[in-house]
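**Q** next come a sequence and a model predicted from it.
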Amino acid sequence: MRRRVLNMLAGLVLAMGAPGGAALAAGQIIEAAAGKQIMITLKGNPSTGYGWHLRLGKGADKLLRIDGCGWQRKGAVRPGLVGAPGIYRCRITPLASGRARIEFRYLRPWEHDKPPLRVKVFEIRIR
């Protein structure tokens, strides 16, 4: 049963940020097949200056191809509405068998002296 759930998550992973502090989502595992694109989706609000920034673990660049990451407004938004939340989506294609670690850090890029507000870590197991 657990394997079936992990396989379903390989198509779409919905990871919602935890409030406050540098909440670490350690141990989130994605089972994926080489050549089959996966998507990681994170909630956020870019109008606050915060954004999700992707960091690849050691060797992940040889196992994963980042196909594109970007923001999308969440639902219908009235024209002129400022400060609306959004969804950050990152499309990733596993390239070869192995394990890769990726980390998303929710931070303001100009605040170098502050830790990220949130951190999400994923291990991608590629078969």
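**A** Thanks, I have it.

**Q** pLDDT at the residue nearest the centre of the chain, what is it?
**A** With distances taken as C-alpha atoms, centre = their mean, residue 40 lies nearest the centre of the chain, 4.6 Å away. Looking at residue 40, its pLDDT stands at 93.

**Q** quick one: low-confidence residue ranges for the chain.
**A** Applying pLDDT under 70 to the chain flags the ranges 1-27, 74-81.

**Q** ranges for the helices of it?
**A** 2-11, 60-63 (DSSP state H).

**Q** right, and residue 34 touches residue 100 too?
**A** No - with contacts counted by C-beta atoms under 8 Å, residue 34 stays clear of residue 100, the gap being 11.3 Å. Where you see a C-beta, it was placed from the backbone N, CA and C, and this is true even at glycine.

**Q** give me the common contacts of these two.
**A** Counting by C-beta atoms under 8 Å, 6 or more residues apart in numbering, the common neighbours of residue 34 and residue 100 are 94, 126.

**Q** give me the more crowded residue out of those two.
**A** Remark: of residue 34 and residue 100, residue 100 carries more neighbours, 24 against 13, as counted by other C-beta atoms under 10 Å.

**Q** doesn't residue 84 make contact with residue 43?
**A** No - with contacts counted by C-beta under 8 Å, residue 43 stays clear of residue 84, the gap being 12.0 Å.

**Q** quick check: nearest residue in space to residue 89, chain neighbours excluded?
**A** Nearest residue to residue 89, sequence neighbours excluded (C-beta to C-beta, 6 or more residues apart in numbering): residue 41, at 5.2 Å.

**Q** what's the neighbour count on the one you found?
**A** So residue 41, with other C-beta under 10 Å, has 14 neighbours.

**Q** so it bridges to which residues?
**A** residue 14, residue 89 (DSSP bridges).

**Q** how far away is it from residue 57?
**A** Counting by C-beta to C-beta, to the nearest Å, the gap from residue 41 to residue 57 is 20 Å.

**Q** so what's residue 94 up against?
**A** Residue 94 neighbours (C-beta under 8 Å, 6+ apart): 32-36, 38, 63-64, 100, 124, 126.
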